[in-house]
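>>> what shape does this take:
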Amino acid sequence: MDIKQDNIDKLLKYKNNPPNPSYIAGFIDGDGTIFIRKIKDGYQSGISLTQSRTNILQILQYHFGGTIVEPNIINIENKFNDDGYYDKCNKRNSYSLFIRSNEYKYLLKYIFDKIILKKDQINLLVDFEKLVNKVNCEEKEELCNKCLEFNKIKKNNYEYSNLNIEYIQGIFDAEGHIYVSYKKINNQIKFSNGVYMKITQKNHPEIIKEIHKFLGFGKTSDYIYYVDTFEDCLKLVKLIKDGLIVKYNQIIAFEEYLNSRLEKNENYDKVHIKREEIYKIINMEKHQIEIYENIHCKESFNELILNELEEINDEKEKKKQEFYKNKSESMKGTNNPNYGHSLSTEHALNISLSTTVSKRMNNPNLTNEKIREIYDLKDKIMQKDVAEKYGMNREMIRRIWKRIIIPTDDPDFITTKTEKLAKKDSNEDLTFEQKTSIGKRSLTSDQYMEIFLWKIKKNNGKLLDNQKIFSTNLSKYLSKLWDIKVTNDMIKNVWSGRTKMFEFEFNSEITYEMYLEVISK
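Down below sits the predicted model:
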């Protein structure tokens, strides 16, 4: 089973509708974190979920936004035991989905009436969301402290009227476990009668009794609900299997295993190979390391899948556009914290400076030392040889030699930035929105225009390196061409109009009206 293909299948399954709200509530109650915390410049709030399988994270991101964050060190080496199974000690990669204050509004609305264990924290997020555009205030500090306190408290008086099968599906995907025992006899695997399914909840053990009471079968310990007979396991499987995502493949294989064990007249040796194959699926699902990649970047996917994923991305982009459009509308006039204020040249300069510095930090070829080193080679070595030596695009070398790119600690750096802003101010009476947007840009106007032109080429059926034009292959092409990081999101933001371009940036050949027409499609 290929993890990446399985992730695609799961995403396509939930393309039109998100999972049941009770399922998501159970999953968040089991594996989620609700946070309101103090940071250097104020406060940060959101919901985070961490998993070693990203299928559920990708589905939630598609419907509700957020960012999937990789671990700092990616483990790529699977270990196998002597039997050829994935070793239980494999260090699997943990991936986290963060849905922060600018996006979690819709998720909160979707699960608000279904959450149980983290209801108090969800209420705090609802209150915090109302204050998110306000400057630091006592109310934010109070909500922050309450959230920290609620995350430590283990209550005994939750409201369990929302408990249902869908909720149990979610909490099982988060905290559930499927076990099939086996032993080795003469170097051959033999399956024993040991099987069980369990849900563990140490932080909120009281819900274990409620699950037991709701289902009406199984057993409990201090913080574990479990079933340990073939019959009871099969009963639980039939109740929860259809709503599972993370453990869906495991439970389908487990169901087949249980059915085979309950066949009283079967010949054990005859079905052993079949059972071993089922166990391999469970073992793989539980212990195989996932290397998460943006699924749109996999060149070996066939064109049909690429088209399906592009369609998913387009629908997701429309949802994001609608979200930010509504957010923008809600912040107009007196609701905008900047109402009545103008963006000073000093403020615009600071934004531009910080953006450039931040951008260069991610490019080892654009450190101050490297820029000076390359500049010193001017008139000494041919441009193409310098480009080859440093693995850079020749256009980047040209810009360094012409002092278009200069070290950030060079006096001319601030002077150049100031003159650039002054030129814009003299040519156009820029609005606050325009100044802010331009100040935050990580690419030049010409580069944004180039990206926009590629959208026209895409619409006209043009090709890139004999392939259809997608934001993914274009991001790789432009990153190499410009020797800077051009991400998939940057391209899609230009294509959709989320990265705004303004009328004064266009000419008679490429008109602003043409731009508006293209991004509206």
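
>>> drop to CA atoms for contacts and neighbour counts, all remaining ones
Noted.

>>> ok, Val227 - contacts?
196-198, 217-219, 233 (C-alpha atoms under 8 Å, 6 or more residues apart in numbering).

>>> now the buried members of these.
Buried members of those, scored by 16 or more other C-alpha atoms under 10 Å, are 196-198, 218, 233.

>>> element containing Phe452, please.
Applying DSSP states H and E as the criterion places Phe452 in helix 445-459.

>>> now, which of the contacts of Val227 lie within strands?
196-198, 219 (DSSP state E).

>>> bridged to Leu464, which residues?
Bridge pairing for Leu464 (DSSP bridges) gives the partners Gln467.

>>> which one of the buried ones among the contacts of Val227 is nearest Phe27?
Of all the buried ones among the contacts of Val227, Phe27 sits closest to Lys198, with 15.1 Å by C-alpha to C-alpha.

>>> related to what we said a few turns ago, out of the buried ones among the contacts of Val227, which one has the lowest pLDDT?
Scanning the buried ones among the contacts of Val227 for pLDDT, the smallest score is found at Tyr196, 90.

>>> any idea what that one is bridged to?
Bridge pairing for Tyr196 - DSSP bridges - gives Tyr179.

>>> surely it and Cys233 touch.
Yes. Between Tyr196 and Cys233 there is a contact at 6.7 Å, judged by C-alpha atoms under 8 Å.

>>> can you tell me which helices and strands the helix holding Phe452 packs against?
Packing partners of helix 445-459 (3 or more C-alpha pairs under 8 Å, 6 or more residues apart in numbering; DSSP states H and E): helix 488-496, helix 512-519.

>>> ok, now how distant is Lys13 from Glu141?
Distance, Lys13 to Glu141, using C-alpha to C-alpha, to the nearest Å: 41 Å.

>>> those two - which one has more neighbours?
Using other C-alpha atoms under 10 Å, the more surrounded residue of Lys13 and Glu141 is Glu141, with 16 against 13.

>>> tell me which helix or strand the more buried one sits in.
Assessed by DSSP H and E, Glu141 sits inside helix 138-150.

>>> from the middle of its chain, how far away would that helix be?
Counting by C-alpha atoms, centre = their mean, to the nearest Å, helix 138-150 is centred 26 Å from the centre of its parent chain.

>>> same deal with stretch 386-403?
Counting by C-alpha atoms, centre = their mean, stretch 386-403 is centred 34 Å from the centre of its parent chain.

>>> show me the contact partners of it.
Residues outside stretch 386-403 that contact it (C-alpha under 8 Å, 6+ apart) are 365, 371, 374-375, 377-378, 383-384, 405-406, 480-483.

>>> now with 10 Å?
Contact with stretch 386-403 is made by 365-366, 370-372, 374-380, 383-385, 404-407, 412-413, 416, 479-484, as judged by C-alpha atoms under 10 Å, 6 or more residues apart in numbering.

>>> picking that back up, now the ones in strands among the contacts of Val227 in a markdown table, with distance to Ile438?
Output for these, formatted as a markdown table (distance: C-alpha to C-alpha, whole Å):
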| residue | distance to Ile438 |
| --- | --- |
| Tyr196 | 59 |
| Met197 | 56 |
| Lys198 | 54 |
| Lys219 | 62 |
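
>>> tell me, how many residues neighbour the closest residue to Lys119 other than its chain neighbours?
Nearest residue to Lys119 in three dimensions, chain neighbours excluded: Phe112, at 7.8 Å (C-alpha to C-alpha, 6 or more residues apart in numbering). Neighbour count of Phe112, defined by other C-alpha under 10 Å: 17.

>>> report the central residue of this protein.
With distances taken as C-alpha atoms, centre = their mean, the chain has Ile68 as the residue nearest its mean C-alpha position (2.5 Å).

>>> which elements pack onto the helix or strand it falls within?
Element membership for Ile68, per DSSP H and E: strand 67-69. For strand 67-69, the elements it packs on are strand 42-51, helix 55-64, strand 95-100, judged by 3 or more C-alpha pairs under 10 Å, 6 or more residues apart in numbering; DSSP states H and E.

>>> so what touches the shortest one?
Meaning strand 95-100. Against strand 95-100 from outside (C-alpha under 10 Å, 6+ apart): 32-36, 44-54, 56-58, 60-61, 64-71, 104-105, 107, 129, 290-292.

>>> out of those, which are buried?
Among the contacts of strand 95-100, those classed as buried by 16+ other C-alpha under 10 Å are 32-36, 44-54, 56-58, 60-61, 64-66, 68, 104-105, 107, 129, 290-292.

>>> could you find the closest non-adjacent residue to Val246?
Asp173 (5.6 Å).

>>> likewise for Thr220?
Excluding the flanking residues, the one nearest Thr220 by C-alpha to C-alpha, 6+ apart is Tyr226, at 6.2 Å.

>>> just list the residues touching that neighbour, thanks.
Tyr226 neighbours (C-alpha under 10 Å, 6+ apart): 176-178, 196-200, 208, 212, 217-220, 232-233, 236.

>>> 8 Å instead, please
For Tyr226, the contact set (C-alpha under 8 Å, 6+ apart) comprises 196-199, 218-220.

>>> which among these gets closest to Glu277?
Tyr196 (18.5 Å).

>>> excluding chain neighbours, what is closest to Leu97?
With C-alpha to C-alpha, 6+ apart, the residue lying closest to Leu97 is Ile68, at 4.4 Å.

>>> OK, contacts around the one you found?
Ile68 neighbours (C-alpha under 8 Å, 6+ apart): 57-58, 61, 95-98.

>>> most widely separated two among those?
Spatial extent of the contacts of Ile68 (C-alpha to C-alpha) is set by the pair Gln61 and Tyr95 at 12.6 Å.
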